[in-house]
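> Compute the structure for the input listed below.
(one chain, ligands or ions: 3)
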Amino acid sequence: MATSSAWKLDDHPKLPKGKTIAVIVLDGWGESAPDQYNCIHNAPTPAMDSLKHGAPDTWTLIKAHGTAVGLPSEDDMGNSEVGHNALGAGRIFAQGAKLCDQALASGKIFEGEGFKYVSESFETNTLHLVGLLSDGGVHSRLDQLQLLIKGSAERGAKRIRVHILTDGRDVLDGSSVGFVETLEADLVALRENGVDAQIASGGGRMYVTLDRYENDWEVVKRGWDAQVLGEAPHKFKNAVEAVKTLRKEPGANDQYLPPFVIVDESGKAVGPIVDGDAVVTFNFRADRMVMHAKALEYEDFDKFDRVRYPKIRYAGMLQYDGELKLPSRYLVSPPEIDRTSGEYLTHNGVSTFACSETVKFGHVTFFWNGNRSGYFNEKLEEYVEIPSDSGISFNVQPKMKALEIGEKARDAILSGKFDQVRVNIPNGDMVGHTGDIEATVVACEAADLAVKMIFDAIEQVKGIYVVTADHGNAEDMVKRDKSGKPALDKEGKLQILTSHTLKPVPIAIGGPGLAQGVRFRKDLETPGLANVAATVMNLHGFVAPSDYEPTLIEVVE
Ligand SMILES: O=C(O)[C@@H](CO)OP(=O)(O)O
Ligand SMILES: [Mn+2]
Ligand SMILES: [Mn+2]
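Ligands and ions are numbered 1, 2, ... in the order given. This next block holds a predicted model:
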C-alpha cells in the first residue's frame, strides 16, 4: 500500500527498524501486595517474576483505570474495552460511560435522531429497554437506565418493559437482588403516575444475551426467546421473587441465572417484543452487544431460528461496531477512535499477526483497532482466532487456550513473516471473574507458561518483547475495606471479588533485539496504557504522531 503523506511516520533518530516485536497483553493481570488473595503472587510465574529484576529501567507500573483510560472517575475500574482502546490508539478518548453521562445530563440524548426514531412508537406501542442491570460501569450503569426511563416517560412513553440481565461479574455476586429492587421501586412510582412500566424478562449475563465474538449463539437465543417471544423455562409474577428464587438453585449465581419471563395473572408474558415496538439496548460497551444487535437488526440472519422477527424501531445506546455501522440507529455517538497505531503501522509497512482465543479475540483486533472489525490491509495483517471452550465457566478449564495461543505466537515469530506479533492471554481475567481462587492460581501459571514460550521464540529471532496487561483482576480476589483488609459481609463472611480492580498493571520490555540504552523514562508523572502505543512504534523504528501520549522509553548513550 502506498503511504500517503498523512500516514507517514518519521524515522526514529536512534532506534532501528525490522525487529520482530511480541506485544503480549495479559488480561486481568494487575500488581498488588502479596497475600493469599493475590492469585498471581501465589501461582508459579517465573517468566513474569524475572522481569521485575529490570525495574525501574525495563519493568514498571502504569495506570489502567479511571481517567487514564477515558472513564468518568478514578473510582472506575479498568476494563478490556477501554484498556485495549488506549493501548491500540495511543490516546485517551472519553469513553462510552462518560459520553452517555454527558448526553443524559445535558438532555441532548433526547434530542438526537436515535431517540426521536424510537419515540415514534411511544403513542401506540411499547418501549423495551434491554441491558445489564448493575452499577459496575463496565457495560452499563443503573443510574443511566433510570434517567433513560424517566426521560422516556416524560416524553410520552406510556408502556415500558425492561429486560434485565443480572451481573455479579463487575459487581459482587448476589448484588442483583438490590439492583432489581431499586429498579422495581422506580417502576412502581411510574405506575402510580399512570405509566404502564414493568420488568418483563431476565437472566444472568453470561447465560442470557451477552455473549461476544460469536462464542456461543445459544446465549443470545435464550435472550431472544425470553425478550422477543416471551418464552423461558421459568415464569414469575415478579422480578425480585424471580431473582431470589433462581439464585437458590444449586450452583446458581448472578452471572449464570437461567432465563425467566414475568407473566400476568393468566400466565401470559407481560412484555414480548412485537411489531411496532421500540427497543433500546442500554449497554454502552460494544463487544457483548454486537451479536444481539445482529439478531435485532439483520433481516437475513441464520445464527438461530428467531421464530418471529418483529418489525421494530431499534436503537443502541451507542453504535457498537463502526465498520459494520451496527446498529444503524443509536442514542449517543460513540468515541471516534481514529488513526490507531495499527492503522499507522500498516501504512508504514509493518506486518502484524494478532491472536487470542475467541472470548478475547476481538480485544486484540476490534478493540485494539478502535472498535472496528476487519483488517486495515489484508496483505500485511493476519488475525488468528483459537476457538474457546463454550458452555462452561472457565474455572472448569482454567488453562483455557493459553498454550495454544503461545504456540501460534511462537510459530508466527519464527516464520519471519511478521514485524509485530500481538496476543491477548485471557486466563487471569476469565478465571478471575469466576471467583474461584484455586482455579485462578492455575490460570495464572498457564498464562505465564505462554509468556515463556513467546519469550523463547523472541530470543531465537533476536527480537523484542513488550508485555503488559489491560487492567487488574487476578491479583486481588477479595473485597477490601478502606484500610485494605478483607471486608466481611453482615454474616461475617468474606466477599469474593469477581470483578476487575483499580490496580496498576506491569509493563516490561526486553529481548536480545532491544537496543543498548533503551530504558523507561522517569519523567512521566502518571503514565498509563495510552503511553504504550508510542512506545511500540518507537521499537518498530518510528516516531509516534505528535498527538499520541508520550512514549514510555528513552535511549541513553
Ligand atoms: O467479561 C466482560 O465483559 C468484562 C467484565 O464485564 O471483562 P473484560 O473487560 O476483561 O472483557
Ligand atoms: Mn480485560
Ligand atoms: Mn474481565
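> in terms of contact, does Val240 touch Val180 like I think?
Yes - using C-beta atoms under 8 Å, Val240 is in contact with Val180, at 5.2 Å. Every residue, glycine included, has its C-beta placed from N, CA and C.
> So between these two, which is more surrounded?
Higher neighbour count among Val240 and Val180: Val180, with 23 against 17, using other C-beta atoms under 10 Å.
> so where does the more buried one fall, helix or strand?
Here Val180 sits within helix 176-192, counting by DSSP states H and E.
> buried stuff in that helix?
Neighbour-count burial for helix 176-192 flags 176, 178-180, 182-184, 186-187, 190 (criterion: 16 or more other C-beta atoms under 10 Å).
> One more: stretch 449-458?
Here stretch 449-458 shows 449-455, 457-458 as buried, counting by 16+ other C-beta under 10 Å.
> Quick check on the closest residue in space to Met537 that isn't next to it in sequence: phi, psi?
Leaving aside its sequence neighbours, Met537 sits nearest to Ala544 (C-beta to C-beta, 6 or more residues apart in numbering; 4.5 Å). Main-chain torsions, Ala544, degrees, to the nearest 10: phi -70, psi 160.
> who's in contact with whichever residue of the chain sits closest to ligand 1?
Taking C-beta to the nearest ligand atom as the measure, the chain has Ser80 as its residue closest to ligand 1, at 3.1 Å. The neighbours of Ser80, taking C-beta atoms under 8 Å, 6 or more residues apart in numbering as the test, are 27, 287, 360, 363, 367, 429, 470-471.
> low-scoring pLDDT stretches of the chain, where are they?
1-3 (pLDDT under 70).
> Select, from the contacts of Ser80, the two members most distant in space.
Asp287 and His471 (14.4 Å; C-beta to C-beta).
> Looking at those two, which is more packed in?
Neighbour totals were compared for Asp287 and His471, and His471 leads with 29 against 26 (other C-beta under 10 Å).
> right, and that one touches His65 too?
Yes - using C-beta under 8 Å, His471 is in contact with His65, at 6.4 Å.
> Can you name the residues of the stretch 251-400 of the chain sitting close to ligand 1?
Within the stretch 251-400 of the chain, the positions lying close to ligand 1 (C-beta under 6 Å from any ligand atom) are Arg288.
> do that again at 8 Å, thanks
Neighbours of ligand 1 within the stretch 251-400 of the chain, by C-beta under 8 Å from any ligand atom: 285, 287-288, 359-360, 363.
> residue ranges of the helices in the stretch 151-300 of the chain, please?
Listed in chain order, the helices of the stretch 151-300 of the chain (DSSP state H, counting those that start in this stretch) span 176-192, 217-224, 239-247, 290-297.
> Please convert those to JSON lines, extending it with distance to Ile312.
What follows is these, written out as JSON lines (distance: least, C-beta to C-beta, whole Å):
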{"stretch": "helix 176-192", "distance to Ile312": "21"}
{"stretch": "helix 217-224", "distance to Ile312": "13"}
{"stretch": "helix 239-247", "distance to Ile312": "22"}
{"stretch": "helix 290-297", "distance to Ile312": "7"}
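> Which one, of these, ends up nearest to Gly374?
Using C-beta to C-beta, the nearest of the helices of the stretch 151-300 of the chain to Gly374 is helix 290-297, at 13.0 Å.
> Relative to the whole chain's centre, how far out is the helix or strand that that closest one is followed by?
Following helix 290-297 in sequence order, the next helix or strand is strand 313-318 (DSSP H and E). On the basis of C-alpha atoms, centre = their mean, to the nearest Å, strand 313-318 sits 19 Å off its chain's mean C-alpha point.
> Which secondary structure elements does strand 313-318 sit against?
helix 96-106, helix 113-119, strand 278-281, helix 290-297, strand 330-332 (3 or more C-beta pairs under 8 Å, 6 or more residues apart in numbering; DSSP states H and E).
> and with 10 Å instead?
Applying 3 or more C-beta pairs under 10 Å, 6 or more residues apart in numbering; DSSP states H and E, one finds that strand 313-318 contacts helix 96-106, helix 113-119, strand 127-133, helix 142-154, strand 278-281, helix 290-297, strand 330-332.
> Neighbouring strands - and their directions - for that strand?
The strands that strand 313-318 pairs with in its sheet are strand 278-281 (parallel), strand 330-332 (parallel) (by DSSP bridges).
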